[in-house]
Every structure is written in structure tokens, then in C-alpha cells.
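In: sequence-free structure coming up:
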Ligand SMILES: NC(=O)C1=CN([C@@H]2O[C@H](COP(=O)(O)OP(=O)(O)OC[C@H]3O[C@@H](n4cnc5c(N)ncnc54)[C@H](OP(=O)(O)O)[C@@H]3O)[C@@H](O)[C@H]2O)C=CC1
Ligand SMILES: O=CCCC(=O)O
């Protein structure tokens, strides 16, 4: 009996030199917990470590808003997890849940079969992978490095090169989904790179996420993520404009959110973020500085293929204004503040 409801499709992507394959799998959380554990432990034993025949050991580098719950879900599923974070104190809650700790990415990668990295941006992703005491210094043949940070394709390719030069495998796997989906194991992985590593890492991706796409060559996962986040950033800016305009012409913006939720342009994001934006509350799930980083990287991607993206370019300006107003660490929905200032309504 098929355990997965799998849809497979293949389509040509001009950004890739090979035909990408997309696997979208049914959320594993749809299965009862007991059944799930059986499936998972079977997967682990099938993919036993080359090192000593025991189950695959996992490293996790970067325990911010996303990395912490992702690593926590691996631990809760019974995985053998070793963690590292630049600010050591963020490791403590995971250590108390049973994680091991190593004082550098190098030592984590040397210890573990597969090492995941969830870093802030291209610079930190590169530094943790390739810098002094970076993962590349500890990794080697038979091991894998899975970078789940959101970076540009160029950075991902550099990390790929350096990791591969050691004889290890590389997979980029940025995620769609924010803090709550990370906590609930409902992320969407956009992967590209070494297919055998994708296969090896899939049971772990399925613990942390609800679906995964394999997109072919390194760079395609990053590109897909940037296109998605470029659209998300523009949608958020549009919501901000609509909320403020409705308010200014005397409408109740809460009613606008309700109207949106019932029509063709309904989006979970509008229903989730709209009500708090109306109250000028921006509890951070996705930091605004990261959204602006993604707009910037997406515009760079568009530039590289001479694709006009005027809407994203305009939205990016709003995120830059919001950053300049000290809102970098607020949720990206705080972008509305840059329009409030412009419209003179705050
Ligand atoms: N939050 C979200 O909703 C989503 C975020 N993403 C992406 O995931 C990535 C992580 O996001 P998120 O968890 O929200 O971000 P956070 O800002 O919460 O965490 C960033 C992590 O990167 C580490 N870091 C930053 N700079 C360095 C550096 N120079 N050297 C070593 N480590 C560093 C931080 O360490 P320290 O604790 O020491 O600061 C922390 O572990 C980003 O690329 C983001 O775009 C993707 C999907 C959703
Ligand atoms: O990169 C952040 C994505 C946030 C989301 O998908 O909700």
C-alpha cells in the first residue's frame, strides 16, 4: 500500500541545465503518530549511517527563529542531534531536550553524517560553511551538508563547491513557511543538488516539513525560494496599502480583511497578519530585515536574466524605509509603517 500520496511532474526550467523533478508529498502529519514513528524508524534503518551501521546522526547549525523549532522537531522524533549556534545560550533549551553540543560548525560536521544549516543571510551561511572552523573543515566523504537558509544561487554554488571539494555531498533546501509551520513540522522544502543526499535527508525533511520539491541543479532551490518570497513581499506591501487606504476613506479595515478572505485574492497571510497590522502590532515571525534581504536577492536574480520586476522593486523601497525606521527585527508586516509615514497617517 502506498504510504505517500505523491504527485510527480517535470517541467523545463531555463535556469537549470538539467530537467528538474518535483516531488510534492502529502503531509506526514496526516498519519497517526504511531504509524508515523514506524515509517520513520524504517526510513532511518534503511538509510543507516556508513560510519558504524547505527542510525544517521544529524547536526544543526543556526538556532534562530526557524532553526530552533526545526532542530527541536528532529529531537522529538528521536533523532541523534548535535547543535551549534554562534550565541551559545540558544543551544541550551535543545541540550536540555537531549541534543549534543559542539563548539564549532567544523566539529559538528566532523561528528555528524548529515549537517543542516539555518543561517540569517548569504554572508553568515558562507561563513559557517566555509570560514575558519566552518563545516567544510570537518566534513568529508560519506557525509552531507544541507543548507536550509535563504541565500542567492551564487552563494549556494560557492558553498556547494567548497563542500564538494572535501568529497562530501551538498543539498540546498530553503524553506517556505514561517515560525508556526516550523514549530508544527509543516515547512515546504525547495531542494536542489546531490540527489543521493536528497534521498538520505528526506526522512529528516519529512519530520520538519509537510512537503518537499527536488528541483535539480544547485541554484534552482534558491531561485524558487526567492521568487516565492519576492511575491510574498509585494503581496504584503499591497495589503499594507489597502488597509491604509480603506481606513483613510472611512472604511473599517477589519471588514476589508474579512472581504478579502472570502474572495479570489484570499491568502492565509492576509487573514493572519491583517488584524495585527491594523493594531500596529508586529510580533516577529519573519523578521523584516530578512524579507528585505530576500527582495534584494530576488531583484538581483531578475537583473541577472534582464527580467523587469517593477512591482518588487517598488515594494523593496518600502522595506528599506522600514529598516531605516528601526523596524528590522519586527515582523515583515511592519512594512505598513513606511506607508503610514508617507501618507501622514501616523
Ligand atoms: N523566520 C521566518 O519566517 C523564515 C526565515 N527563513 C530564512 O531562514 C533563515 C533564518 O531565519 P530566522 O531563523 O528567522 O533568523 P534569525 O535571525 O532568528 O536567526 C539567524 C541565525 O543565523 C545566525 N547568524 C547570524 N549571523 C551569523 C554569523 N555571522 N555567524 C554565525 N551565525 C550567524 C544567528 O545566530 P545568533 O543566534 O548568534 O544571532 C541565528 O542562529 C534566513 O535566511 C531567513 O531568510 C525562511 C523561511 C521563514
Ligand atoms: O522566508 C520566509 C517565508 C515566510 C512564509 O513562507 O510564511
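Out: Yes, it's here. Keep in mind that this is a model prediction, so the values were computed, not measured. Ligands and ions are numbered 1, 2, ... in the order given.
In: which helices and strands sit right next to the helix or strand harbouring residue 289?
Out: In this structure, residue 289 is located in helix 288-304 according to DSSP states H and E. Secondary-structure packing of helix 288-304 (3 or more CB pairs under 8 Å, 6 or more residues apart in numbering; DSSP states H and E): helix 220-248, helix 310-324. In this view, the C-beta of every residue, glycine as well, is placed from N, C-alpha and C.
In: angle of it against helix 220-248?
Out: 120 degrees (axes from the mean of the first three to the mean of the last three CA atoms, to 10 degrees).
In: helix 288-304 to helix 310-324, inter-axis angle?
Out: Angle, helix 288-304 to helix 310-324, by the same axes, to 10 degrees: 150 degrees.
In: is helix 288-304 anywhere near ligand 1?
Out: Yes. Judged by CB under 6 Å from any ligand atom, helix 288-304 comes into contact with ligand 1 at residue 290.
In: centre of the chain to that helix, how far?
Out: 15 Å (CA atoms, centre = their mean, to the nearest Å).
In: count of neighbours near the one residue in the chain that gets nearest to ligand 2?
Out: Of all residues in the chain, the one sitting closest to ligand 2 is residue 178 (3.7 Å; CB to the nearest ligand atom). By other CB atoms under 10 Å, the residues close to residue 178 number 20.
In: right, and it touches residue 285 too?
Out: Yes. Residue 178 is within contact range of residue 285, at 4.5 Å (criterion: CB atoms under 8 Å).
In: what sits against the residue of the chain closest to ligand 2?
Out: 66, 285, 286 (CB atoms under 8 Å, 6 or more residues apart in numbering).
In: count of residues packed around the last one?
Out: The criterion is other CB under 10 Å. On that basis, residue 286 has 22 neighbouring residues.
In: which stretches in this protein count as helices?
Out: 33-46, 67-76, 92-96, 105-111, 122-130, 153-164, 179-184, 195-208, 220-248, 253-262, 268-278, 288-304, 310-324, 336-343 (DSSP state H).
In: next, see if the third one gets close to ligand 1.
Out: So the one you mean is helix 92-96. No. Helix 92-96 is not in contact with ligand 1 by CB under 6 Å from any ligand atom; minimum separation 11.8 Å.
In: state the mean pLDDT of that helix.
Out: Averaged across helix 92-96, pLDDT comes to 98.
In: equivalent analysis for the fifth one, please.
Out: Looking at helix 122-130 alone, the average pLDDT works out to 99.
In: what helices or strands is that helix leaning on?
Out: In this structure, helix 122-130 packs against strand 114-117, strand 144-147, helix 153-164, with contacts taken as 3+ CB pairs under 8 Å, 6+ apart.
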